[in-house]
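# 3D, please:
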Amino acid sequence: MPERLRFHATSEIPVGRGLGSSAAAFVAGAALANEMLKLGLDKFGIAEVGTALEGHPDNVCPSVFGGATLALTHAGKVIVSPLDVHPSLAFVFAVPEFVLETKRARAALPNVVPHVTAVSAAAKGAALVRGLATADEAMLAAALDDVLHIPHRRRLVRGYDAVAAAAIEAGAIGATLSGAGSSMLAVTKVEKADAVGAAMAHAWQLTGVSAVAFASAQRVKGFHVVV
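Purely as a prediction, here's the structure:
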């Protein structure tokens, strides 16, 4: 192994937009090290390395395993399970030109939430899992009406209310921030995805913000190494 190496890295994931760019970079680095140093890590090992670097498994596990995942840490281990997503559903992302730094987004959150808020958030988490699997619109609408971070972060995202309203008016089941932002995510039926994306981008443009939208209706694969 040479003492010095030079790497050239490229990524199509916008940075600072709540789309998991840092987690993807951590996973790519871990996968590269695993391959070059013959560490023998399986995907769960890569997920644990990425989680240690990122601080949480939320974005790391989708980057490793692909698709929607339920991920958490327990007793120092990463626990992950794939989530079923009904084939009638699509995820629409609207990506604005401005960046929202994760550090700033995290600083907006309170250290303590009322018990009633925590109970509501737990129920909404369960509703999201059920709603994604069954395409139950009532479940999904309730799940996407976040009570933990949106009330504190929406003020950091110019045009948030207008973009969310435009998505729903165009047929989306619900809309929220993608990660910590600044991108926004809408869940909709596949046939409405293009209209929802166009409406979200247009709503941002009306506030003077340039934005692009794209939709994903198929399971995205996790990482793979090409030698």
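
# What's the first helix or strand after the helix or strand encompassing residue 116?
Here residue 116, judged by DSSP states H and E, is contained in helix 115-134. Note on helix 115-134: by DSSP H and E, the next helix or strand toward the C-terminus is helix 137-144.

# The closest residue to residue 142 other than its chain neighbours: what's it in contact with?
Excluding its sequence neighbours, the residue lying closest to residue 142 (C-beta to C-beta, 6 or more residues apart in numbering) is residue 127, at 5.2 Å. To be clear about C-beta, it is placed using only N, CA and C from the backbone, and glycine gets the same treatment. By C-beta atoms under 8 Å, 6 or more residues apart in numbering, residue 127 lies in contact with 139, 140, 142, 143.

# Could you work out the most separated pair of those?
140 and 142 (7.3 Å; C-beta to C-beta).

# Look through the chain and tell me its longest strand.
Longest strand in the chain, counting residues (DSSP state E): strand 89-96.

# What lies in contact with that strand?
With contacts defined as C-beta under 8 Å, 6+ apart, strand 89-96 is touched by 14, 17, 19, 132, 135, 157-159, 163, 167, 172, 178, 182-190, 192-193, 196-197, 200-201, 204, 209-217.

# Parallel or antiparallel, which strands does it pair with?
The pairing partners recorded for strand 89-96 under DSSP bridges are strand 184-189 (antiparallel), strand 211-216 (antiparallel).

# who's in contact with the first one?
If you take C-beta under 8 Å, 6+ apart as the criterion, strand 184-189 is touched by 88-94, 135, 140, 144, 157, 160, 163-164, 167-168, 171-178, 196-197, 200.

# In ChimeraX, select just the buried ones from these.
To isolate the buried ones among the contacts of strand 184-189 in ChimeraX, judged by 16 or more other C-beta atoms under 10 Å, type:
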select :89,90,91,92,93,94,135,140,144,157,160,163,164,167,168,172,173,174,175,176,177,178,196,197,200
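
# hang on, the earlier thing: could I get the longest strand of the chain in CSV with only the CA atoms?
C-alpha atoms of strand 89-96 as CSV (Å, rounded to 0.1, in the frame of the first residue of the first chain):
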residue,chain,number,x,y,z
LEU,A,89,-46.6,6.3,-3.7
ALA,A,90,-43.9,8.6,-4.9
PHE,A,91,-41.6,11.0,-3.0
VAL,A,92,-41.2,14.4,-4.5
PHE,A,93,-38.2,16.6,-3.5
ALA,A,94,-38.0,20.4,-4.1
VAL,A,95,-34.4,21.6,-3.7
PRO,A,96,-33.9,25.4,-3.3
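
# C-terminal to it, what's the next element?
With DSSP H and E, the next secondary element past strand 89-96 is helix 102-107.

# Okay, buried residues for that following helix please.
Of the residues in helix 102-107, those buried (16+ other C-beta under 10 Å) are residue 105.

# List of residues touching it?
Contacts with helix 102-107, where a contact means C-beta under 8 Å, 6+ apart, come from 16, 22, 153, 156, 180, 181.
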